[in-house]
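> Okay, here's the prediction I keep looking at, along with the sequence it came from:
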Amino acid sequence: MRLRAISACVILEVVLSAATLHAPVAASEWGCEVLFCASSSKPSWRGVSACHPPMKRLIAAMNKPGFDWPACPEAGTSRPGHERYAACPEGYRVGRRKDGDSLTQEGDLCVKTVSICQDKAHGFYNSDRQRSCIQTISISRPLRLEPYYFDIENDTSGQTERHWFELNR
C-alpha cells in the first residue's frame, strides 16, 4: 500500500488523534505518524495539533545516540532525504568555499563569472586586458527553510511527489 498525498487537514487530525488514543505507539505506527505529519503542507505539521506529539518525539529522539529514523513500511518509506541548500539564483552555479588546503564537501556558494570592464567602445583588447576584465563573484548559497523531504508515490497518478518539511524546535 502506498501513501496518498494528504491535503485535508481534518483527515490527518482524525487519523492521528485515533492513533494517539491507544497504548504506546509501535515504531512503525510512529513512523507513519511522522510521515503523515511531515507530508502535511497546508498547513504544515506545526499547524496540526495532533502532529505535535509525534514530531516533538522525533526531534527529541534525533538528539540521542543511536537514533534511527522511524520507518513506515506500509508507505514504502524509511528515512527522509535532506538537502541543506536551496538552488542558486538564476545566472549562478554551485561553488565551494576553499577551507584551508581543501574545498568544503558541500557546495556552499553560488558563483558566476562576470566582465567588470565597462569601456568596450575603444576597440579590441589584448588577451591580458580581457582576462583582467573577467572576475568570479560569489554569494553564500541560500539555506532551505524546509531541508528534509519524503518522496511519496501518488497511487492515482503513479508520479512521485516530493514533500518538504522542517524540524526546527
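Thanks, I have the structure now.

> and stretch 137-155, how far apart are its ends?
45 Å (C-alpha to C-alpha, to the nearest Å).

> List the contacts of that stretch.
2-5, 35, 38-39, 75-77, 80-86, 88-89, 92, 94-95, 107-114, 159-167 (C-beta atoms under 8 Å, 6 or more residues apart in numbering). Where you see a C-beta, it was placed from the backbone N, CA and C, and this is true even at glycine.

> Could you list the buried residues of that stretch?
Using 16 or more other C-beta atoms under 10 Å as the burial criterion, the residues of stretch 137-155 that qualify are 141, 144, 146-150, 152-153.

> among the contacts of stretch 137-155, which ones are buried?
Counted by 16+ other C-beta under 10 Å, those give 3, 5, 35, 38-39, 75, 77, 80, 85, 88, 92, 95, 107-112, 163-165, 167 as buried.

> residue closest to the middle of the protein?
When C-alpha atoms, centre = their mean is applied to the chain, the residue found nearest the centroid is residue 147 (2.5 Å).

> ok, back up a step: among the buried ones among the contacts of stretch 137-155, which ones are in strands?
Taking DSSP state E as the definition of strands, the buried ones among the contacts of stretch 137-155 contribute 95, 109-112, 163-165.

> As a markdown table, these with pLDDT would be great.
Converted to a markdown table, those look like this (pLDDT from 0 to 100):
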| residue | pLDDT |
| --- | --- |
| 95 | 89 |
| 109 | 92 |
| 110 | 94 |
| 111 | 93 |
| 112 | 93 |
| 163 | 90 |
| 164 | 92 |
| 165 | 93 |
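
> Take the residues you listed and write them to a markdown table, including distance to residue 71.
Putting these into a markdown table (distance: C-beta to C-beta, whole Å) gives the following:
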| residue | distance to residue 71 |
| --- | --- |
| 95 | 36 |
| 109 | 35 |
| 110 | 35 |
| 111 | 39 |
| 112 | 41 |
| 163 | 16 |
| 164 | 19 |
| 165 | 16 |
